[in-house]
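need coordinates for the following:
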Amino acid sequence: MKQSSGVGVLDKAALVLAAVEQGPVSLADLVSRTGLSRATAHRLASALEVHHLVARDGDGRFAPGPRLAASVSIPLPWALLDRADRVLTDLREVTGESAQLYVRRGALRLCVAASERATGLRDTVPVGDALPMTAGSGAQVLLAFAAAAEPALLADAPFDAATLARVRERGWAESVGERETGLASVSAPVRGEAGTVIAAVSLSGPLERLTRSPGQRHGAAVLAAAARLSTTSTVD
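Okay, the predicted model is just below:
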């Protein structure tokens with residue numbers, strides 16, 4: 001392996017990051033791409049996961065973490081991310097559906113944490129995926145509680161200002177087939193210390209299980225998860 005910096009462990013970690021940037025990889029693929037030993041590749045990838053530079057997808061493969069995926073100067077809510085895995089896993093276990101956490105990045109929402117249903121038909125949103133702010137209950141929540149109205153985004157969305165007003169009134173949003181035909185979702189706002197909405201926790205899955213009224217079915221569970229994440233959340 002060619003050393004480019006003279007700091008061996010840093011160069012090896014850079015190899016791991018370069019490998020996952022190409023797409024999710026199993027440990028065997030990571031070893032093949034980096035030329036590192038199995039033990040070294042696993043140790044470095046696991047260490048990078050702690051710092052949110054590497055994540056795991058629903059199949060346990062190594063993928064770009066939210067710190068890489070953000071690619072912008074806006075800090076991610078790290079204290080929130082530290083609690084997210086447990087809360088999202090609990091939400092998945094209670095409902096049987098996939099759960100995600102989104103933060104806004106301009107006209108996109110970035111998935112920064114996820115807990116996927118292990119088997120059967122499910123909605124898979126890998127950590128690092130950027131989705132539009134013009135479809136889905138997560139987008140509705142982030143727009144409903146934005147500091148100002150954004151008519152340019154609403155012009156391209158299947159929901160309108162009246163929909164966002166209802167989201168603010170009841171505290172959660174739902175969508176049926178907005179982002180993808182056959183999918184439904186429910187989302188609720190996560191608030192920071194000042195009460196500002198800093199993220200949206202979402203539950204998503206096939207319409208046949210969530211029904212055409214996913215909010216009635218799972219709104220309470222999503223609200224409870226959002227409340228757990230909202231306590232003393234900070235951006236650092």
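
going forward, measure contacts and count neighbours with C-alpha atoms only.
Noted.

so who does F145 touch?
168, 197 (Cα atoms under 8 Å, 6 or more residues apart in numbering).

which element is V127 on?
Element membership for V127, per DSSP states H and E: none, as it lies in no helix or strand.

for it, grab the count of nearby residues.
25 (other Cα atoms under 10 Å).

so where does the closest residue to A99 other than its chain neighbours fall, helix or strand?
Distances taken as Cα to Cα, 6 or more residues apart in numbering put L203 closest to A99, at 4.5 Å, once the chain neighbours are dropped. Per DSSP H and E: L203 is located in strand 197-206.

quick check: next helix or strand after that strand?
Next helix or strand after strand 197-206 toward the C-terminus (DSSP H and E): helix 207-210.

mind listing what's buried in that following helix?
207, 209-210 (16 or more other Cα atoms under 10 Å).

picking up where we left off before, what are the pairing partners of the strand holding L203, and which direction each?
Neighbouring strands of strand 197-206 in its sheet, by DSSP bridges, are strand 98-105 (antiparallel), strand 183-191 (antiparallel).

related to what we said a few turns ago, looks like the residue nearest to A99 contacts S175 (just checking).
No - in this structure, L203 is not within contact of S175 by Cα atoms under 8 Å, at 10.5 Å.

what's the overlap in contacts for these two?
When contacts are counted by Cα under 8 Å, 6+ apart, L203 and S175 have 185-186 as shared neighbours.

pick out whichever of the two has more residues nearby.
Shown here are L203 and S175; by other Cα under 10 Å, L203 has more neighbours (33 against 26).

can you tell me how far the more buried one is from A63?
The gap separating L203 from A63 is 21 Å, by Cα to Cα, to the nearest Å.

could you do L110 as well?
L110 is 15 Å from A63, where distance means Cα to Cα.

same question for D156.
Using Cα to Cα, we find D156 at a distance of 31 Å from A63.

kindly report the same for P151.
35 Å.

picking up where we left off before, higher neighbour count, D156 and A63?
Shown here are D156 and A63; by other Cα under 10 Å, A63 has more neighbours (27 against 12).

okay, the more buried one: pLDDT?
A63 is assigned a predicted lDDT (pLDDT) of 80.

pull the contacting residues for the residue nearest to it when sequence neighbours are not counted.
Nearest non-adjacent residue to A63, counting by Cα to Cα, 6+ apart: P24, 4.4 Å away. Contact partners of P24, counting by Cα under 8 Å, 6+ apart, are 57, 61-64.

top of the residues you listed by neighbour count?
Counting neighbours by other Cα under 10 Å, P64 comes out on top of the contacts of P24 with 29 neighbours.

out of the strands paired with strand 197-206, indicate the one that is most buried.
Ranked by mean neighbour count under mean count of other Cα atoms under 10 Å, the strands paired with strand 197-206 are led by strand 183-191, which reaches a mean of 29.

quick one: it to chain centroid distance?
Averaging C-alpha positions (Cα atoms, centre = their mean, to the nearest Å) puts strand 183-191 11 Å from its chain's average.

looking at the protein, which helix or strand is least sure?
Across the helices and strands of the chain, mean pLDDT, DSSP states H and E gives its lowest value to helix 66-70, namely a mean of 62.

quick check: which element contains T40?
Assessed by DSSP H and E, T40 sits inside helix 38-50.
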